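Trainee: sequence-free structure coming up:
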């Protein structure tokens, strides 16, 4: 149970979630929350939390070593001369999944860096974030500007990180794994004028901004990785590219939908979908 300080009346977490969902009042009522276990209100409890830097870096180290071992083992099995196309396909998909999970976790580490949570020293934090961002082409200053805009414009059409507004269905999954989603994102950045853009930006300037010096280094960094993986086996090279362009964006978008999912309205049947993520399909219950 959670208590609101002013009235001191108990309120269940279900009821609290309902209030937050219906009225979007979280920012207003969170200061009234009281943690019975810690005997602290929300603000003091939040301030008492400490970053587990060592634990985070240990987990990232463990993830990196595990990924390298799995990819090396896959490369070892692919060295056999009689590997069938079916087995190569299975190895390719499994390696892509492992690489996608690795890059997804790298991306979440970049997100932590955007919130200054990778080091107490902000300069060191940004240095680490920029190194990790080389994997996915996200420079910390630009990424922080976009991400903080996401916090400011949450649930609005102008939100730059708005994949949570979509529903997870077969069409959405096919878009990600056919690589349509990632290329469509690039085209939108270059050719679509956002509602909050005051002036039309020339395509040349968009290309220059999109392919910045940092992204150039990111491309070189990934090309080096592709070269190294090619020395193991070309299947691993293809798996790195597919993990980067398909699995990683899919996992990031899925997390976005899980974290920010709101009740969706089925426009055809005008019914509220109980399931916040999925569209009106076999996976969805509706009321």
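Mentor: Structure's in. What do you need? As the structure is a prediction and not an experimental result, all values here were calculated from the model. Numbering: from 1, shown residues only.

Trainee: got phi/psi on residue 168?
Mentor: Here is the backbone geometry of residue 168 (degrees, to the nearest 10): phi -80, psi 110.

Trainee: who's it bridged to?
Mentor: residue 278 (DSSP bridges).

Trainee: that one contacts residue 255, doesn't it?
Mentor: No: counting by Cβ atoms under 8 Å, residue 168 stays clear of residue 255, with 11.4 Å between them. Placement of C-beta: from N, CA and C, glycine included.

Trainee: who has more neighbours out of these two?
Mentor: residue 168 (23 against 16; other Cβ atoms under 10 Å).

Trainee: the more buried one and residue 111, how far apart?
Mentor: 20 Å (Cβ to Cβ, to the nearest Å).

Trainee: how is the chain carved up into domains?
Mentor: Following automatic domain parsing, one finds the domains of the chain at 2-48, 65-259.

Trainee: can you redo those as JSON lines with mean pLDDT and distance to residue 59?
Mentor: Below are the domains of the chain laid out as JSON lines (pLDDT from 0 to 100; distance: least, Cβ to Cβ, whole Å):
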{"stretch": "domain 2-48", "mean pLDDT": "58", "distance to residue 59": "22"}
{"stretch": "domain 65-259", "mean pLDDT": "85", "distance to residue 59": "8"}
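
Trainee: pick the most deeply packed of those.
Mentor: Stretch with highest mean neighbour count among the domains of the chain: domain 65-259 (a mean of 16; mean count of other Cβ atoms under 10 Å).

Trainee: contact partners for residue 253?
Mentor: Taking Cβ atoms under 8 Å, 6 or more residues apart in numbering, we find residue 253 in contact with 163, 166, 176, 181.

Trainee: could you look up the SS state of residue 119?
Mentor: At residue 119 the chain is in coil, as set by DSSP: H, G, I helix; E, B strand; the rest coil.

Trainee: how about the nearest residue to it, chain neighbours excluded?
Mentor: With sequence-adjacent residues excluded and distances taken as Cβ to Cβ, 6 or more residues apart in numbering, residue 119 is closest to residue 125, at 4.1 Å.

Trainee: check which helix or strand the closest residue to residue 94 other than its chain neighbours maps to.
Mentor: Excluding the flanking residues, the one nearest residue 94 by Cβ to Cβ, 6+ apart is residue 74, at 6.9 Å. Taking DSSP states H and E as the criterion, residue 74 maps to helix 53-78.

Trainee: how much space separates residue 221 from residue 236?
Mentor: Shown here: residue 221 relative to residue 236, a distance of 17 Å by Cβ to Cβ.

Trainee: helices of this structure, residue ranges please.
Mentor: 13-23, 26-29, 42-48, 53-78, 85-114, 122-133, 140-152, 170-177, 180-191, 203-210, 213-232, 234-242, 248-260 (DSSP state H).

Trainee: and the angle from the fourth one to helix 122-133?
Mentor: Direction vectors for helix 53-78 and helix 122-133, defined by axes from the mean of the first three to the mean of the last three Cα atoms, to 10 degrees, enclose an angle of 20 degrees.

Trainee: ok, now the last one?
Mentor: Between the axis of helix 248-260 and that of helix 122-133 there is an angle of 130 degrees, by the same axes, to 10 degrees.

Trainee: now helix 248-260 against helix 234-242, angle please.
Mentor: Using the same axes, to 10 degrees: helix 248-260 against helix 234-242 is 40 degrees.

Trainee: so who does the residue nearest to residue 119 touch?
Mentor: Per Cβ under 8 Å, 6+ apart, neighbours of residue 125: 113, 116-119.

Trainee: which one of these sits closest to residue 52?
Mentor: The closest of the contacts of residue 125 to residue 52 turns out to be residue 117 (Cβ to Cβ; 10.2 Å).

Trainee: residue 63 contacts residue 102, correct?
Mentor: Yes: here residue 63 reaches residue 102: they are 6.3 Å apart, a contact under Cβ under 8 Å.

Trainee: one step back: need the contacts of residue 253 in CSV with distance to residue 144, can you?
Mentor: Shown next, in CSV, are the contacts of residue 253 (distance: Cβ to Cβ, whole Å):
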residue, distance to residue 144
163, 19
166, 24
176, 25
181, 24
